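>>> Just the structure for this:
(chains A, B, C and D)
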Number of protein chains: 2
Amino acid sequence: METVDLLKKYNISSTFARRQIIRQAASFGQRHFSAEDILKKMRKKKSRVSRASTFRALNLFCQKGILEAIDLGKGFNLYELTDNSGHHDHLYCLGCGKILEFEDKTIEDLQVEVCRRKNFKAFKHTLRILGLCIKCKKDQLKV
Amino acid sequence: METVDLLKKYNISSTFARRQIIRQAASFGQRHFSAEDILKKMRKKKSRVSRASTFRALNLFCQKGILEAIDLGKGFNLYELTDNSGHHDHLYCLGCGKILEFEDKTIEDLQVEVCRRKNFKAFKHTLRILGLCIKCKKDQLKV
DNA sequence: GTTTTTGCAAACCATTTGCAGTTAG
DNA sequence: CTAACTGCAAATGGTTTGCAAAAAC
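As a prediction, this is how the structure comes out:
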């Protein structure tokens, strides 16, 4: 599928700016990208779209479900295409910035379990799981 | 223990600003608080400490281990005392803002497991687990 | 032709920083 | 006394917004 068709698919009116942005977003494949990454790529290609429009488009795409925003606590958002990747979570190295993606039912089950324990009506809420940093100990893992 | 003694315990020189801030921080007990919360409380008590010094102190306290910073993706940090609470993770409702704390070995094990699967040398890194939002389905949990 | 969308520049907001004056030890 | 700390005001950096001009349908 042409990247541009994603706009139609998600019921977003096709404008020059949005076409450039979705194309660049798609060029990252499964990798994460920031608004700045998109802007940089567009500058190179001389397909000029303003910073404001870029943010507006990224927000719109998230809201419509083309993209998913990821907050790694870096002070700015990352995005990824939701389209071709199933639901997954992330492990992020605070040291070197490497991101590991994984999907594991355990996490979702855990959310349900925690809610049950706390007598919390989870189905009323959109929960986000937030882990504090955990330094893996040497003896836990020898790769 | 007097809250002020925490400074001595953590090897932090005792200044007026830091005494006010650690006292207010402690007044939140197990609850999370923001820099703004601390500033608000100090304004009320007329124990005036500047915004800059408040941030400087909060950073120092995190670094020294009195506090732990939590990023709920709200655009500003929350903090909590590390002192009296063991390690735990958080579930955060994007809708109503409610925060559930929990500790579960599963998450830590999961990190190790994911690293193993990905052939990633985890012990070299400080990993942070990041969950995307998951909307709990009604049929998963009936409280 | 009317509604949407865009670019620009200014605004925002949490946090950080430079610097000169003040405090701690 | 000297090093560490503080307040102020300005800077930072990612993101948002008001508005007039331009594009979409």
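>>> going forward, measure contacts and count neighbours with C-alpha atoms only.
Noted.
>>> What helix or strand is the nearest residue to residue A:53 once chain neighbours are set aside located in?
Nearest residue to residue A:53 in three dimensions, chain neighbours excluded: residue A:17, at 7.1 Å (CA to CA, 6 or more residues apart in numbering or on different chains). Element membership of residue A:17, judged by DSSP states H and E, is helix A:16-27.
>>> Would that helix count as contacting DNA strand D?
Yes: with CA under 7 Å from any atom of the strand as the criterion, DNA strand D is reached by helix A:16-27 at residue A:16.
>>> Could you pull up the mean pLDDT of that helix?
Across helix A:16-27, the average pLDDT comes to 96.
>>> what's that helix in contact with?
By CA atoms under 8 Å, 6 or more residues apart in numbering or on different chains, the residues outside helix A:16-27 that reach it are A:3-4, A:7, A:33, A:38, A:41-42, A:47, A:49, A:53-54, A:57, A:80-81.
>>> Give me the subset of those residues lying in strands.
Secondary structure defined by DSSP state E assigns A:80-81 of the contacts of helix A:16-27 to strands.
>>> How is chain A partitioned into domains?
As assigned by automatic domain parsing, chain A contains the domains A:1-85, A:86-143.
>>> Just give me the lowest mean pLDDT stretch among these.
Taking the mean pLDDT of the domains of chain A, domain A:86-143 comes last: a mean of 52.
>>> For chain A, which segments count as helices?
Taking DSSP state H as the test, the helices found in chain A are A:5-9, A:16-27, A:35-45, A:51-64, A:105-118.
>>> Next, see if the fourth one gets close to DNA strand C.
This means helix A:51-64. Yes: Helix A:51-64 is in contact with DNA strand C by CA under 7 Å from any atom of the strand, via A:51-54, A:56-57.
>>> quick one: buried residues of that helix?
A:54-55, A:57-59, A:61-62 (16 or more other CA atoms under 10 Å in any protein chain shown).
>>> got it, and the third one?
Under the neighbour-count criterion of 16+ other CA under 10 Å, helix A:35-45 has A:35, A:38-39, A:41-42 buried.
>>> Quick check, residue A:49 in contact with residue A:38.
No: counting by CA atoms under 8 Å, residue A:49 stays clear of residue A:38, with 9.8 Å between them.
>>> For the nearest residue to residue A:70 once chain neighbours are set aside, give me its contacts.
Using CA to CA, 6+ apart and skipping the chain neighbours, the partner closest in space to residue A:70 is residue A:78 (5.0 Å). Residue A:78 makes contact with A:32-35, A:69-72, according to CA under 8 Å, 6+ apart.
>>> Any chance of TSV for the buried residues of helix A:35-45, columns distance to residue B:13?
Shown next, in TSV, are these (distance: CA to CA, whole Å):
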residue	distance to residue B:13
A:35	42
A:38	46
A:39	46
A:41	49
A:42	51
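>>> wait, which of those is closest to chain B?
Distance to chain B, by CA to the nearest CA, is smallest for residue A:35 among the buried residues of helix A:35-45, at 16.5 Å.
>>> so that closest one makes contact with residue A:53?
No: counting by CA under 8 Å, residue A:35 sits too far from residue A:53 to count as a contact (10.5 Å).
>>> So which bits of stretch A:13-25 are buried?
Neighbour-count burial for stretch A:13-25, counted by 16+ other CA under 10 Å, picks out A:18-25.
>>> before we move on, back to that, does any part of the helix holding residue A:17 sit near DNA strand C?
Yes: interface with DNA strand C: helix A:16-27 contributes A:16-18 (CA under 7 Å from any atom of the strand).
>>> Dump these to a markdown table, plus distance to residue B:11.
Formatted as a markdown table, those follow (distance: CA to CA, whole Å):
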| residue | distance to residue B:11 |
| --- | --- |
| A:16 | 58 |
| A:17 | 55 |
| A:18 | 54 |
